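>>> here's my sequence, what's the structure:
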Amino acid sequence: IERYFAEYYTFIGNNHIIATPFPVWAEKKKLNLKMETIDKEQLKQQLKEQIIKFLNLADKQPEDIKDDEPLFGDGLGLDSIDSIELIVLLSREYGINIQDPKEGRKVLVDINTMADYIAQHRTK
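Residues are numbered from 1 along each chain as shown. Alright, predicted model coming up:
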């Protein structure tokens, strides 16, 4: 990334002098979106592995859990005890404390929803 941006930027200490701002920002935005996508996919994979470990789902593999599959009911089949474990997981692994049951119901929907919430609220 630095090599690519070196064509457009001249670095002086912590300050940047931009030679051609429009191409740089356009390319920088594309690169950041790609990096966010990679990070989000890694987060989803990590989350699936953690759910399997924390909830002791020995018969499941991360690839068995679809990103948009409901975690409770007909989806993954988790129950109310599992929801407490997931809240503990969020607190322990990501520094997210959910106190309000209504918020918990909004967050613990599926892997996509949990990953989005973690990305926005994590402190660890």
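>>> which element is residue 75 on?
Assigned by DSSP states H and E, residue 75 belongs to no helix or strand.
>>> again, but for the one 10 residues further on
Assigned by DSSP H and E, residue 85 belongs to helix 80-94.
>>> any idea of the mean pLDDT in that helix?
When the per-residue pLDDT values of helix 80-94 are averaged, the result is 91.
>>> what does stretch 54-72 give?
In this model, stretch 54-72 has a mean pLDDT of 93.
>>> need the contact partners of the helix or strand following the helix holding residue 85.
Elements were assigned by DSSP H and E; along the chain past helix 80-94, the next helix or strand is helix 101-107. Applying Cβ atoms under 8 Å, 6 or more residues apart in numbering, the set of residues contacting helix 101-107 from outside is 83, 87, 90, 98, 113, 114, 117. Bear in mind the C-beta positions are built from the backbone N, C-alpha and C, glycine included.
>>> and helix 101-107, what's buried?
Of the residues in helix 101-107, those scored as buried under the neighbour-count criterion (16 or more other Cβ atoms under 10 Å) are residue 107.
>>> tell me what the helix or strand following that helix is packed against?
Reading on from helix 101-107 to the C-terminus, the next helix or strand found by DSSP H and E is helix 111-121. Under the contact definition 3 or more Cβ pairs under 8 Å, 6 or more residues apart in numbering; DSSP states H and E, helix 111-121 sits against helix 21-54, helix 80-94, helix 101-107.
>>> what's the nearest residue to residue 90 if we skip its chain neighbours?
Of all residues not flanking residue 90 in the chain, residue 96 sits nearest, at 4.3 Å (Cβ to Cβ, 6 or more residues apart in numbering).
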